[in-house]
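Novice: Make a model of this:
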Amino acid sequence: MLRRTKIVATLGPATDPPGELERVIENGMDVARVNFSHGSPQEHVRRVQTVREIAAANGRHVGVMVDLQGPKIRIEGFKEGGITLSDGARFTLDTGLGSDEGTQDRVGVTHKNLTEDLVGDDILLLDDGNIVMQVEEVSANQIHCRVLNGGPLTGFKGLNRLGGGLSAEALTDKDHADIRTAARVEADYLAVSFVRFGDDVVQARDLFQAAGGDGGIIAKIERAEAIENVDDIIEASDGVMIARGDLGVEIGDAELPGIQKRFIRQARESNRVVITATQMMQSMIDSAQPTRAEVLDVANAVMDGTDAVMLSAETAMGKHPAKVIKAMDRICRGAERHRIAFNHRVDARFETAEESVAMAAMYTANHLRVAAIVAMTESGATAKWMSRNSSGIPIFAMSPNIATVRRVSLYRGVYPILVDAEAMGTDVAEQQAIRELRQLGIVNKDDSIVVTKGDLTGITGGTNSLKILKV
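Specialist: Numbers count the residues shown, from 1 in each chain. Model prediction:
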């Protein structure tokens, strides 16, 4: 059984040793995430090149997603490396302090306008909520707080306001430079952090395209404000990532399950892809096996219809990157055996012939004994529309465009096949598809497959026909 849910894995020091990335790809990584919050541009470029070289050597098409750091608001560093805060203690956030000038009484912050966003009684959460403070007084460049929940605190930890509302722009100067790097390495996806409005996504897309980028834009939902503006954000993006870390800190962990389910459903209904992320297999940073709670977390996201599940520190810094991929692959396959019906666009009016053909193909495949679906596509849009439907039938996206076959690696239930441009849309391409499906063990003699294609090749949005072929 082919796994339908895709696995996004973050690259890092743990995937750098010789042979490790090969094992990660072999065990099932579909999209490599390059996290620009850590490391140098040179490291990122090298990792992207290595992924593409190893994938090509193994006959795989692995997508690359560049994840921008965004305006992550953090405290600055301490002179002695860290402190311990006691419940009830007074502590000051001082926008005038430098990078490593923090003491037991105060520390700097990266967001120099933080004082303009806060008032008395606001609740601040540091280090993913491990430290909780209440604002007592705000002056020109200092925020005086009382510690509600103390503990150890080291430098450069994240800072959030309960309920959101911090004003930092979605794209920093560093992000502008990193977008140019993402375009240079031909990133298949650009993930934009701390999105608040649909316009943040539009701005990122404009900058990416101006730099020569041609990938999709993924909006990361991790601010409380994004929940209020999610319709515009989804509309402006190619997909969303439910980034449960900062989002959970801002809205409270009890709200996360309902938000996750709602956004997965809403993204699918809007023909956008959706990634579920953060701490999915967190224990496997050290352990060789996931906890039962992690198994259920991954499985629930799969059964809700997420396109992809994502690993962060588990593969970037953990002890067992390849084993984590293998465990997640096993859990996804197990969850997919319990098919959940999604009545996608049953009552909708289609806007294009391309979408109409895609939906007709899925209706045919689900009501006729069909072994596979082949979408001959220039942009991958037909395959994406198909993948919004619930079906255990594999969808193979055949395209002459290498960027397209890498991009569809994120779509649930879609598998890429690179085809020669001159053969595209002809009987030659159909025969190639059948040969490859037979080699994969997907089809056998006398099986039927559904094929969609356009009369004119090289034209984006030209899919206008459906065929049923017998092997």
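Novice: how about the helix or strand of the chain with the lowest mean pLDDT: buried residues?
Specialist: Least confident helix or strand, the chain: helix 427-439 with a mean of 88, by mean pLDDT, DSSP states H and E. Under the neighbour-count criterion of 16 or more other C-beta atoms under 10 Å, helix 427-439 has 429, 430, 432, 433, 434, 436, 437 buried. Heads up, the C-betas are built off the backbone N, CA and C, glycines and all.
Novice: Can you tell me, leaving aside adjacent residues, what's nearest to the first one?
Specialist: Same thing as residue 429. Using C-beta to C-beta, 6 or more residues apart in numbering and skipping the chain neighbours, the partner closest in space to residue 429 is residue 423 (4.5 Å).
Novice: What strand or helix carries that neighbour?
Specialist: Counting by DSSP states H and E, no helix or strand carries residue 423.
Novice: circling back: which helices and strands does the least confident helix or strand of the chain pack with?
Specialist: In terms of contacts (3 or more C-beta pairs under 8 Å, 6 or more residues apart in numbering; DSSP states H and E), helix 427-439 is packed against strand 372-376, strand 395-399, strand 414-418, strand 448-454, strand 463-470.
Novice: can you redo those strands as a markdown table with mean pLDDT and mean neighbour count?
Specialist: Listed next are the helices and strands packed on helix 427-439 as a markdown table, based on pLDDT from 0 to 100; neighbours: other C-beta atoms under 10 Å:
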| stretch | mean pLDDT | mean neighbour count |
| --- | --- | --- |
| strand 372-376 | 95 | 27 |
| strand 395-399 | 94 | 27 |
| strand 414-418 | 94 | 22 |
| strand 448-454 | 93 | 22 |
| strand 463-470 | 93 | 16 |
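Novice: Compare those strands and give me the one nearest residue 307.
Specialist: Of all these, strand 414-418 sits nearest to residue 307, with 9.2 Å by C-beta to C-beta.
Novice: low-scoring stretches of the stretch 151-300 of the chain, by residue?
Specialist: Scanning the stretch 151-300 of the chain for pLDDT under 70 picks out no residues.
Novice: ok, 90 please
Specialist: Within the stretch 151-300 of the chain, the stretches with pLDDT under 90 are 165-170.
Novice: all helices for it, in order.
Specialist: Using DSSP state H, counting those that start in this stretch, the helices of the stretch 151-300 of the chain run over 173-184, 198-210, 224-228, 230-236, 244-251, 256-269, 292-304.
Novice: in the second one, what's buried?
Specialist: Of the residues in helix 198-210, those buried by neighbour count under the rule 16+ other C-beta under 10 Å are 198, 200, 201, 203, 204, 205, 207, 208.
Novice: The first one too?
Specialist: The neighbour-count check on helix 173-184 (16+ other C-beta under 10 Å) flags 175, 178, 179, 180, 181, 182, 183 as buried.
Novice: Likewise for the shortest one?
Specialist: Within helix 224-228, the residues scored as buried using 16+ other C-beta under 10 Å are 224, 225, 226, 227.
Novice: Appreciated, that's everything.
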